[in-house]
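Visitor: No letters, just coordinates:
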């Protein structure tokens, strides 16, 4: 949604205001402070509704909300890269590198968020954990959308949102849609690599996109060939490196999540009904962009 309540200001107007202010900040405005109008800071700082009086809970809640914002940013950038690759202009691959780089940096910020929770021991968490009921990060719709964009699909995981029609509809649509990796594979086929037709069609409804991508030897061979070309004009190799950075930083996220859970609650069952560490370990076994990694064995 675009912001419409900010008055655009030119470089000349900024210079004139700085001259009038003698280099000091502007302190008088006719209405809402422009920064707050844009960032909605006052709204953001009103969203922390704790369920206990324990001061540590606020830290837990704020970091969870920060992570949600990062989930949304990563998901946005992955879909932007996918859009550019789908358009397949001459500069599509080069253009997709920027959103992929931003996604990897957002994931680094997301991973850094775990450090703000390193103070939390089981005793600290237990002071308010029961009051969270069945609430669990497992239930994050935006995290699920981020996973879907990466090609990690599991249809059953959207079921908790059936009583939230708009959220459920968005999740169902993204579950049925091709992932970024599907679009990358289709691009390789258009660039002349011998990819089977069954793995190429990215039209919604053309084939089943609702489960994890099944690795294909032809896709693996294509990436091996791409990486053998070390020339400076090989943009597909640069694309592979950008995708690899996203996959690696996302893998770091999953590992940091497991370590945070292990530190705060050990091997207890999860609040959302899972077996806790066991569920997270199984999740880590699902590989993002699998042929990008297995191709290295062929080189």
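Guide: Thanks, I have the structure now. Just so you know, these numbers come straight off a predicted model, no measurement behind them. Numbers count the residues shown, from 1 in each chain.

Visitor: Going by C-alpha atoms from here, please, whenever you check contacts or count neighbours.
Guide: OK.

Visitor: Surely residue 130 is in a helix?
Guide: Yes: assessed by DSSP: H, G, I helix; E, B strand; the rest coil, residue 130 belongs to a helix.

Visitor: any idea how far it lies from residue 195?
Guide: Taken as Cα to Cα, to the nearest Å, the spacing of residue 130 relative to residue 195 amounts to 51 Å.

Visitor: Comparing the two, which residue is more hemmed in?
Guide: A side-by-side neighbour count of residue 130 and residue 195, using other Cα atoms under 10 Å, places residue 195 first with 21 against 11.

Visitor: Three-state assignment for the more buried one, please.
Guide: When classified by three-state DSSP, residue 195 comes out as coil.

Visitor: same check, this time on residue 247
Guide: helix.

Visitor: That one: neighbouring residues, count only.
Guide: Neighbours of residue 247 (other Cα under 10 Å): 21.

Visitor: Identify the residue nearest it in space, chain neighbours excluded?
Guide: Once flanking residues are discounted, residue 247 sits nearest to residue 288: 5.8 Å by Cα to Cα, 6 or more residues apart in numbering.

Visitor: Quickly note the distance from the one you found to residue 180.
Guide: 10 Å.

Visitor: Secondary structure element holding the residue nearest to residue 247?
Guide: Following DSSP states H and E, there is no helix or strand that holds residue 288.

Visitor: That one against residue 148, yeah?
Guide: No: applying Cα atoms under 8 Å, one finds residue 288 not in contact with residue 148, separated by 10.5 Å.

Visitor: who's more crowded, these two?
Guide: In this view residue 288 and residue 148 are compared by other Cα under 10 Å, and residue 148 has more residues nearby, 26 against 23.

Visitor: From residue 50, how far off is that one?
Guide: For residue 148, the distance to residue 50 - Cα to Cα - is 30 Å.

Visitor: Phi and psi next, for the residue nearest to residue 247.
Guide: phi -90, psi 130 (degrees, to the nearest 10).

Visitor: what secondary structure does the residue nearest to residue 227 when sequence neighbours are not counted sit in?
Guide: Nearest residue to residue 227 in three dimensions, chain neighbours excluded: residue 237, at 5.8 Å (Cα to Cα, 6+ apart). Here residue 237 is recorded as helix under three-state DSSP.

Visitor: burial count for residue 237?
Guide: 21.

Visitor: Same question for residue 291.
Guide: 21.

Visitor: again, but for residue 39
Guide: There are 11 residues near residue 39, going by other Cα under 10 Å.

Visitor: contacting residues around it?
Guide: Residues near residue 39 by Cα atoms under 8 Å, 6 or more residues apart in numbering: none.

Visitor: And the pLDDT for the one residue sitting closest to the centre of the chain?
Guide: The C-alpha lying nearest the average C-alpha coordinate of the chain belongs to residue 74 (Cα atoms, centre = their mean; 3.1 Å). pLDDT recorded at residue 74 is 98.

Visitor: Now name the helix or strand holding it.
Guide: Per DSSP H and E: residue 74 is located in helix 55-87.

Visitor: Report how many residues lie close to the residue nearest to residue 213 when sequence neighbours are not counted.
Guide: Leaving aside its chain neighbours, residue 213 sits nearest to residue 151 (6.3 Å; criterion: Cα to Cα, 6+ apart). When counting by other Cα under 10 Å, one arrives at 27 neighbours for residue 151.

Visitor: shouldn't residue 151 be in contact with residue 212?
Guide: Yes: with contact defined as Cα under 8 Å, residue 151 counts as touching residue 212 (6.1 Å).
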